[in-house]
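A.B. asks: give me a 3D structure for the following:
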Amino acid sequence: MKPHRVLAPPFVVAIALLLGCGSSADGPPPPEGQATASPNAPTGSPTAALAFTPDESPTGRGISAAQAQLRQRPNDLRAHLDLAILFMRHQRETADASLMRYAEDVLASARSLAPADAQVRLLSAMVLQDGHRFEQAARIAREVLASDPSDATAHLVLGDAQLELGDYEGAMDSVQAAIDLHPDLRSYNRAAHLRWLMGDFDSALAIMELAIDSGSPRDPESSAWCFVDLGSMFLHRGDEARALASAERALSLVPSYLPGLALRARALAHRGDTSEAIEILAAVVERKPSVEDLLRLVEWHEAAAEPTAAAQRLAQAERLAQDDPRPMALWLARRGIQTERALALAEAAAEPRSDIATNDALAMAHARAGHHEQAQQAMQRALSLGTADANLHLHAALVDALAGRIETARRSLARAEAIDPAADPSLRAELQQRVGAA
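C.D. replies: Below you'll find the model as predicted:
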């Protein structure tokens, strides 16, 4: 793997975010000739987006003002972009999936005004990424870069897509290019995430501090997201105290911020406060149900001896698994149940992406199905960056244990327990029975 200057350990210090730091609705206008289309340009009015009634939050008030501007200037491209960005930002803040549809309504109108405009195309690519259409998003970003290699946002959009597609070298190059062009919260966040994926926590922490220091009070959500990323890194090391502190920082910036609440719940569960964790995460899934969070609730309800509640949450997760198969595939494989279904779900998840988490789920599903060679290949892809994730190493241990590679499994188990001795107690117990104590 070739070196990457900022992605290497940063000596200058004493990775959703695409809308922050200069790309937000209150940022600078596009270059002259791009901000406002011809007064006679055709437009398909974003009827649904203009009819939307926003809430009274700061971003909601911004949406209301942007709607008024667009009504006054229906052929103004800048007015379209401002409104689309605010819808996308509010979707992150509230987890209301319908807001992304309003953003796309505005962008469809913007494309009728200026189909070649770079910002219109990149915002459209972000919508594609939200729908897991990573190849299409990458194609758009490359087309923008072919016209303007100095577009930092295009490099970040491309890097995000490359990361999901498993092109880690490409993602590193893209993020490095963005940092070289415009170091800001967006690029530093992604660099920190990549350093964490590469197993370098200290560098990831230092770069994330750069991201947080680059935040703007005009865009608190982007800074809140950085604190959630930071807390997740701490939690992967078993440090629930720092994870909780990071969650509180995120929630102080954006009250009732769902990613912050979910992080708080995970950290509380990690330290054994299961009842409080259930209460918090239940509130999260009421606003934004996800397979991953619902399956967490299943396990927490089971730990609390609440089988009826666990069954209800599992039924909810099952209804969503068709559209989000990866968490269910991994959950079934961890438990060693419904092996054929787990493999089918993992293979479905692997169709649009080939990132670490998807290869992890695929490896586990193949291993439980007795496909040991395929399992090892997928796990090698999942481990290719050296990510210091205890769960990932527990899964590697299971892949090896099921294939009869006992000594290798013991080493992976020891590695997992060195990172976080409290990770996945049920799987650790199974592994200790299969290979003996690490």
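A.B. asks: would you list every one of the helices in the stretch 51-200 of the chain?
C.D. replies: 58-72, 77-94, 98-113, 118-130, 134-147, 152-164, 168-181, 185-197 (DSSP state H, counting those that start in this stretch).
A.B. asks: helices or strands up against the first one?
C.D. replies: Contact partners of helix 58-72 among helices and strands, from 3 or more CB pairs under 8 Å, 6 or more residues apart in numbering; DSSP states H and E: helix 47-51, helix 77-94. Placement of C-beta: from N, CA and C, glycine included.
A.B. asks: ok now the last one, how far from the chain's centre?
C.D. replies: Counting by CA atoms, centre = their mean, to the nearest Å, helix 77-94 is centred 19 Å from the centre of its parent chain.
A.B. asks: avg pLDDT for that helix?
C.D. replies: Mean pLDDT, helix 77-94: 90.
A.B. asks: repeat for stretch 356-375
C.D. replies: pLDDT averaged over stretch 356-375 gives 98.
A.B. asks: give the buried residues for it.
C.D. replies: By neighbour count with 16 or more other CB atoms under 10 Å, stretch 356-375 contains the buried residues 356-369, 371-372, 374-375.
A.B. asks: what is the least confident helix or strand in the chain?
C.D. replies: helix 77-94 (a mean of 90; mean pLDDT, DSSP states H and E).
A.B. asks: by contact count, what packs against it?
C.D. replies: helix 58-72, helix 98-113, helix 118-130, helix 220-236.
A.B. asks: okay, the third one in CSV with CA atoms only?
C.D. replies: Taking Å, rounded to 0.1, in the frame of the first residue of the first chain, the C-alpha atoms of helix 118-130 are listed here in CSV:
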residue,chain,number,x,y,z
ALA,A,118,-21.2,20.6,-10.8
GLN,A,119,-22.9,21.2,-7.5
VAL,A,120,-26.3,20.0,-8.9
ARG,A,121,-24.6,16.8,-10.1
LEU,A,122,-22.7,16.2,-6.8
LEU,A,123,-25.8,16.8,-4.7
SER,A,124,-27.6,14.3,-6.9
ALA,A,125,-24.8,11.9,-6.4
MET,A,126,-25.2,12.2,-2.6
VAL,A,127,-28.9,11.3,-3.0
LEU,A,128,-27.7,8.2,-5.0
GLN,A,129,-25.3,7.3,-2.2
ASP,A,130,-28.2,7.5,0.3
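A.B. asks: now do it against helix 152-164, angle only.
C.D. replies: Between helix 118-130 and helix 152-164, the angle comes out at 20 degrees (axes from the mean of the first three to the mean of the last three CA atoms, to 10 degrees).
A.B. asks: for helix 118-130, give the mean pLDDT please.
C.D. replies: Mean predicted lDDT for helix 118-130 stands at 94.
A.B. asks: change the start of the numbering to 44 and stick with it
C.D. replies: Okay, residue one is now 44; in that scheme the one you just asked about reads as helix 161-173.
A.B. asks: what packs against it?
C.D. replies: helix 120-137, helix 141-156, helix 177-190, helix 195-207.
A.B. asks: which non-adjacent residue is nearest residue 289?
C.D. replies: Sequence neighbours aside, residue 274 is the residue nearest to residue 289 in space, at 3.1 Å (criterion: CB to CB, 6 or more residues apart in numbering).
A.B. asks: number of nearby residues for that neighbour?
C.D. replies: 27 (other CB atoms under 10 Å).
A.B. asks: for residue 330, same thing?
C.D. replies: Count around residue 330 with other CB under 10 Å applied: 12.
A.B. asks: what does residue 455 give?
C.D. replies: 25.
A.B. asks: now do the SS call for it.
C.D. replies: Following DSSP: H, G, I helix; E, B strand; the rest coil, residue 455 is assigned to helix.
A.B. asks: surely it meets residue 443?
C.D. replies: Yes - Residue 455 is within contact range of residue 443, at 6.3 Å (criterion: CB atoms under 8 Å).
A.B. asks: what pLDDT does residue 198 get?
C.D. replies: For residue 198, the predicted pLDDT is 97.
A.B. asks: looks like it contacts residue 225 (just checking).
C.D. replies: No - counting by CB under 8 Å, residue 198 stays clear of residue 225, with 9.0 Å between them.
A.B. asks: between the two, which is the more surrounded one?
C.D. replies: residue 198 (26 against 18).
A.B. asks: show me what contacts the more buried one?
C.D. replies: 184, 188, 217-218, 220-221, 224 (CB atoms under 8 Å, 6 or more residues apart in numbering).
A.B. asks: who wins on neighbours among those?
C.D. replies: residue 218 leads those on contacts (other CB under 10 Å) with 30 neighbours.
A.B. asks: so it sits right up against residue 235, yeah?
C.D. replies: No - if you go by CB under 8 Å, residue 218 and residue 235 don't touch, sitting 9.9 Å apart.
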